[in-house]
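J.: Only the shape, not the letters, is given here:
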Ligand code: C2E
Ligand code: CA
Ligand code: CA
């Protein structure tokens, strides 16, 4: 059973006091009594009764004074809201009025009807309990609002009055709050003001709610307020909530910053870097960008020898130097000892030079704990748009280039990713590992594409084209692995094998009465190794061929890479008797004047000009001038990639010497090619 509630009965009339008290006691209450106001006030403090019955008329101080004293808090705040019931005369209307105005909860008229009194007491207690509960929830709500920095506002659109919930100033930690919409707008910054104004106007017009965040200056502080309102229910009134999200946003900003930046170097991390890069790329369609990955070599050795802290310090120094050398670039820390840099350039040729100039000086000695530490790195560079269109692609290309650079070892510091298409959809690294074994495993083979003379209509040559039969992936196109061979340097051995194998094949065909010129593709890397000419010559000789039976194809870009050195080798090959062709002619940006000083025999006009020859006047004009150029210099012209009769007719009319393409024959395996070439022998003999 709940403990009995204490009631206080105040009356100067002892009979009445006794009557009332005993009546209430019988109903289970605990009753204390006072004969006058002074005593009663003391008992209030002492017992803090749940309810008070107080007589209006008493000799010294009357009941009203008691009520006022309690309501004023003279007996403590806990008594302030207690139910106070006044005992008045039944016809004493003035007293009843006065009772309410002095703060009484209710009144009961004399003479007292005990049963009725008990009921009134019961209801008053119940009402008080409800009020108390309500007050408590209000207090809870207020403190919840304070904690959540939450409050309410109301805007009367017609009078432009803005009112705020109680405690709003406390929530916002300010003295006063704007009392009109205009006053509020004047506290908000320019851009937010426009948004807020627009939101209020549209709320007025459409009756929809608002939901926005604005920064306003309150006192000396900027605070970010989230303002929300439900749709307008009452005419001309908007009622809503506000929340002070300043701290939240600051925290979020901080968290975001930390999430996006590397703690050690304060540089952006990968995600932020990519976001920023993609943003720039999408607004820089016409520009060239480079993305470089720079990987510090052997950092773990420094960590082991001098401690992780020293390693960290070194990274910080390196990052600072990097940032200083390219102050306008986007720089990020990709991984522990890997950085990425993105920057715009004037053109594709300028980019690699610029990167080299900026990065190479970063290798050198750094002073760490009084010791001179030598730091070097390997870097890979990819270019936008050639090597990728998104930040992801470019970064991946640059990473691959960097890894190849590392694998190649030697003193190579920076490698360009030149042939992005080669790595698409394949794990270039695992492919490269496979490539290393391919030669030993006899996975390479050659196919041959015949070349027809337009004068004699005879097939006078073949081009040897490399294929790789990968153990699990099947036959892979050279476009996908030749760049890998080149970047890894494996092309040198493979190229040597090609020359040998083509020589062997040619010997076999010659035994069958087939006489053709053997076209062999030579890559730029092969020109960098000493003895190229001697190697090829040895293979040719070992099968009893004359060098004249070979046509070595080099691309324009190979020729122009190191023109002086190339020229020397070409002269040597030419001197031995080899035929020399420029492949993919017309695609480079080289100076023809320069190019044509090479000791050439043949120009192979690139497929891209042939493709549209029937459609595009421009391409016809180019082919015509290339052919004229070639003829003027006494060179043979071969058109590559002839796919239909119209192209062939046109090339014929232009006096192109030879044609090669799917229309005539696809590249074929040796047996098929042999059959194809023998067929011609038969028809020639027959005719
Ligand atoms: P390339 O030297 O320009 O070789 C011609 C390419 O065009 C070949 O592609 C050939 O199959 C293709 N082709 C020929 N006729 C047509 C045609 O009518 N239409 C079309 N669409 N294509 C035609 P393939 O065999 O895939 O070789 C691609 C490139 O790989 C070669 O281009 C060459 O640069 C390189 N390559 C191939 N074999 C070797 C090699 O032994 N050594 C070196 N260094 N590079 C090689
Ligand atoms: Ca070729
Ligand atoms: Ca070609």
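T.: Cool, got the structure. Computed from a prediction, not measured in an experiment: that's the story for all the values here. Residues are numbered from 1 along each chain as shown. Ligands and ions are numbered 1, 2, ... in the order given.
J.: Now do stretch 5-14: everything it contacts.
T.: With contacts defined as C-beta atoms under 8 Å, 6 or more residues apart in numbering, stretch 5-14 is touched by 17, 20-21, 24, 29-37, 40, 43-44, 47-55, 57-59, 63, 66, 87, 121, 125. C-beta here means a position set from N, CA and C on the backbone, and glycine is covered the same way.
J.: repeat that for 6 Å
T.: Among residues not part of stretch 5-14, those counted as contacts by C-beta atoms under 6 Å, 6 or more residues apart in numbering are 17, 20-21, 24, 29-35, 40, 43, 47, 49-55, 58-59.
J.: Same question for the strand or helix carrying residue 141: list its buried residues.
T.: For residue 141, the enclosing helix or strand under DSSP states H and E is helix 114-147. Applying a neighbour-count criterion of 16 or more other C-beta atoms under 10 Å, one finds 117-118, 120-121, 124-125, 128, 142, 145 buried in helix 114-147.
J.: Likewise for stretch 290-309?
T.: Along stretch 290-309, these residues count as buried under the neighbour rule (16+ other C-beta under 10 Å): 290-296, 299, 302-303, 306.
J.: Cross these against helices and list the overlap.
T.: Judged by DSSP state H, the buried residues of stretch 290-309 include 299, 302-303, 306 as members of helices.
J.: Among these, find me the one that's closest to residue 612.
T.: Using C-beta to C-beta, residue 299 is the member of these that lies nearest residue 612, at 52.3 Å.
J.: correct me, but the closest one touches residue 336?
T.: No: with contacts counted by C-beta atoms under 6 Å, residue 299 stays clear of residue 336, the gap being 7.2 Å.
J.: what about stretch 45-57, how long is it end to end?
T.: Distances were taken as C-alpha to C-alpha, to the nearest Å; on that basis the terminal residues of stretch 45-57 are 22 Å apart.
J.: Give me the contact status of the longest strand seen in the chain with ligand 1.
T.: For the chain, the longest strand by residue count, based on DSSP state E, is strand 459-470. Yes: among the residues of strand 459-470, 465-466 lie within reach of ligand 1 under C-beta under 6 Å from any ligand atom.
J.: Within the sheet, what are the partner strands of that strand, with directions?
T.: Take DSSP bridges as the rule and strand 459-470 pairs in its sheet with strand 444-453 (antiparallel), strand 474-476 (antiparallel), strand 517-521 (parallel).
J.: Need the ones you listed in TSV (columns: distance to residue 573 and mean pLDDT).
T.: Conversion of the strands paired with strand 459-470 to TSV gives the following (distance: least, C-beta to C-beta, whole Å; pLDDT from 0 to 100):
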stretch	distance to residue 573	mean pLDDT
strand 444-453	20	97
strand 474-476	29	82
strand 517-521	11	98
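J.: Now the residue minimising distance to the centre of the chain: which helix or strand?
T.: Taking C-alpha atoms, centre = their mean as the criterion, residue 275 is the residue nearest the geometric centre of the chain, at 3.6 Å. Counting by DSSP H and E, the element that carries residue 275 is helix 270-282.
J.: and residue 370, what does it touch?
T.: Contact criterion C-beta under 6 Å, 6+ apart gives no residues in contact with residue 370.
J.: give me the low-pLDDT residue ranges for the stretch 551-687 of the chain?
T.: 588-595, 682-687 (pLDDT under 70).
J.: in it, which spans are strands?
T.: For the stretch 551-687 of the chain, strands defined by DSSP state E, counting those that start in this stretch occupy the ranges 579-585, 602-605, 636-640, 658-660.
J.: Of those strands, which is nearest ligand 2?
T.: Proximity to ligand 2 (C-beta to the ion) singles out strand 579-585 among the strands of the stretch 551-687 of the chain, at 4.3 Å.
J.: Which elements pack onto the closest one?
T.: strand 550-555, strand 602-605 (3 or more C-beta pairs under 6 Å, 6 or more residues apart in numbering; DSSP states H and E).
J.: partners of the longest one, with directions?
T.: I take that to be strand 550-555. Strand 550-555 has the following strand partners under DSSP bridges: strand 517-521 (parallel), strand 579-585 (parallel).
J.: coming back round to it: pick the most buried one from the helices and strands packed on strand 579-585.
T.: Relative to the other members of those, strand 602-605 carries the highest mean neighbour count by mean count of other C-beta atoms under 10 Å, namely a mean of 26.
J.: helices or strands next to that one in the packing?
T.: Packing partners of strand 602-605 (3+ C-beta pairs under 6 Å, 6+ apart): strand 579-585, strand 636-640.
J.: Same list (these) but as JSON lines, adding mean neighbour count and distance to residue 175.
T.: What follows is those, written out as JSON lines (neighbours: other C-beta atoms under 10 Å; distance: least, C-beta to C-beta, whole Å):
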{"stretch": "strand 579-585", "mean neighbour count": "23", "distance to residue 175": "79"}
{"stretch": "strand 636-640", "mean neighbour count": "25", "distance to residue 175": "84"}
